Structures are given as structure tokens and as C-alpha cells.
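Participant: Below: sequence and its predicted model.
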Amino acid sequence: MIEDRIKWNKRYLEGRESALHVTLTRFYNLASPGKALDIACGTGETSIFLAKKGFKVDAFDISDIAIRKARQRARREGVKVNFKSVDAEKFSYGVSKYDLIINFYFLNRNIFSKIKRSLKQNGLLIFETYNEEHTSVRPDFNPRYLLKKGELERVFRDFLLVYYCEVSNITTLVAKKP
């Protein structure tokens, strides 16, 4: 998606930075230390956090500008992260590869099955993004990128639910693959 890459590169050139999410700091320790995947990692704060906690991290984002910033930050902070600039649908997820997969504020329903397949048995998924209530905050937000109420719970119903919350415009799911 060239249009998406252009849009996100512009945002990151304008100074956008991704953030370390409280949900990650609260639940990452429920995963076995091992391999982690950070989907749509932005400038890499969550990836670097996991690398510092001992995970071997693969991370990707469509923005090559964000990935460049992430690599620079990882070097400065003395950690190794395998950062790639790639579209979410083109990333090679593998099968039973990851102990932890995180997805913050990014929604592409076409990768749900890839997430399920690439998580190891007893692997942990932490997924948080906006739901359809977000239009009350940002009426111009594209509804295609908003979860329906209960959607994540339904999609990952075959997982063991650790935590699920829909508060206002944000949906959070933490679940283990049986």
C-alpha cells in the first residue's frame, strides 16, 4: 500500500512518535520469555521495551521513516531488534513462531488468522485499538479501522481470555493460545 506508506512517512517526518503502552507493561510478563512480534511498531518503543526484558523481537511497520527512527533508538539504547519496513499483509508471520504478539492501535482484519497461526501454544496475545465509539472523539476517523463491540472477543474466542475490556473508544484483549 504505497498510499499508506506515504501517509505514515509524512506523519513520522512531522515528528510523530509511538508510545510505550501501559497494557504492555502490565501484561508482558505473562508470556514466556522468548520470541516476540510487534505489529505496526512505529518508532519502536514497545519493541525496545521487550528487548530490554530479554525477548528476541521481530517488529515491523509500513513506514520506513518510523523504522529508521526505531533502529536509531535501539542502537542508542544498546538493544537488538529485528526491525522491518513491510506491509502487515506481506510480513512473513510463520507458524508457531512467537511466544508473544503485540498489536497496538492498528487494525487489519486480514491478518487475524496469521496472528493465530504464528503464536505458539500457550503464547500470549496483547491487542489494543480503537472501537467504533472512537467516532465520538474523531468523527473523521475511517470506520473501516474501528473494531465493532465484542469483535476481538469473538475473533479470538478459541483463546483463553486473560483480560478483556471495552472502555469508551478503546478495546483491549489479552489472551493465551491454548
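Facilitator: Yep, that arrived.
Participant: could you point out where the protein is predicted with low confidence?
Facilitator: Residue ranges of the chain with pLDDT under 70: 1, 5, 8-9, 12-13, 16.
Participant: could you pull out the strands for it?
Facilitator: 35-39, 56-61, 81-85, 98-104, 119-130, 160-167, 170-176 (DSSP state E).
Participant: Include distance to residue 75 and mean neighbour count when you put the ones you listed into a markdown table, please.
Facilitator: Heads up, the C-betas are built off the backbone N, CA and C, glycines and all. Output for those, formatted as a markdown table (distance: least, Cβ to Cβ, whole Å; neighbours: other Cβ atoms under 10 Å):
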| stretch | distance to residue 75 | mean neighbour count |
| --- | --- | --- |
| strand 35-39 | 17 | 26 |
| strand 56-61 | 14 | 24 |
| strand 81-85 | 10 | 19 |
| strand 98-104 | 22 | 25 |
| strand 119-130 | 26 | 21 |
| strand 160-167 | 34 | 13 |
| strand 170-176 | 31 | 21 |
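Participant: okay, these in CSV with distance to residue 149 next?
Facilitator: Converted to CSV, the strands of the chain look like this (distance: least, Cβ to Cβ, whole Å):
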stretch, distance to residue 149
strand 35-39, 22
strand 56-61, 28
strand 81-85, 33
strand 98-104, 18
strand 119-130, 12
strand 160-167, 6
strand 170-176, 8
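Participant: Ok, which of the ones you listed comes nearest residue 71?
Facilitator: Of all the strands of the chain, strand 81-85 sits nearest to residue 71, with 5.4 Å by Cβ to Cβ.
Participant: The closest one - contacts with which helices or strands?
Facilitator: In terms of contacts (3 or more Cβ pairs under 8 Å, 6 or more residues apart in numbering; DSSP states H and E), strand 81-85 is packed against helix 45-52, strand 56-61, helix 64-77.
Participant: In a markdown table: the ones you listed, plus distance to residue 2.
Facilitator: Formatted as a markdown table, the helices and strands packed on strand 81-85 follow (distance: least, Cβ to Cβ, whole Å):
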| stretch | distance to residue 2 |
| --- | --- |
| helix 45-52 | 24 |
| strand 56-61 | 15 |
| helix 64-77 | 12 |
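Participant: who wins for proximity to residue 165 among these?
Facilitator: helix 45-52 (18.7 Å).
Participant: Pull that closest one out as PDB, backbone CA atoms only.
Facilitator: The C-alpha coordinates for helix 45-52 follow below in PDB (Å, rounded to 0.1, in the frame of the first residue of the first chain):
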ATOM      1  CA  GLU A  45       9.200   2.000  21.900                       C
ATOM      2  CA  THR A  46       7.300  -1.200  22.700                       C
ATOM      3  CA  SER A  47       9.900  -3.400  20.700                       C
ATOM      4  CA  ILE A  48      12.800  -1.800  22.600                       C
ATOM      5  CA  PHE A  49      11.000  -2.300  25.900                       C
ATOM      6  CA  LEU A  50      10.600  -6.000  25.200                       C
ATOM      7  CA  ALA A  51      14.200  -6.400  24.000                       C
ATOM      8  CA  LYS A  52      15.300  -4.900  27.300                       C
END
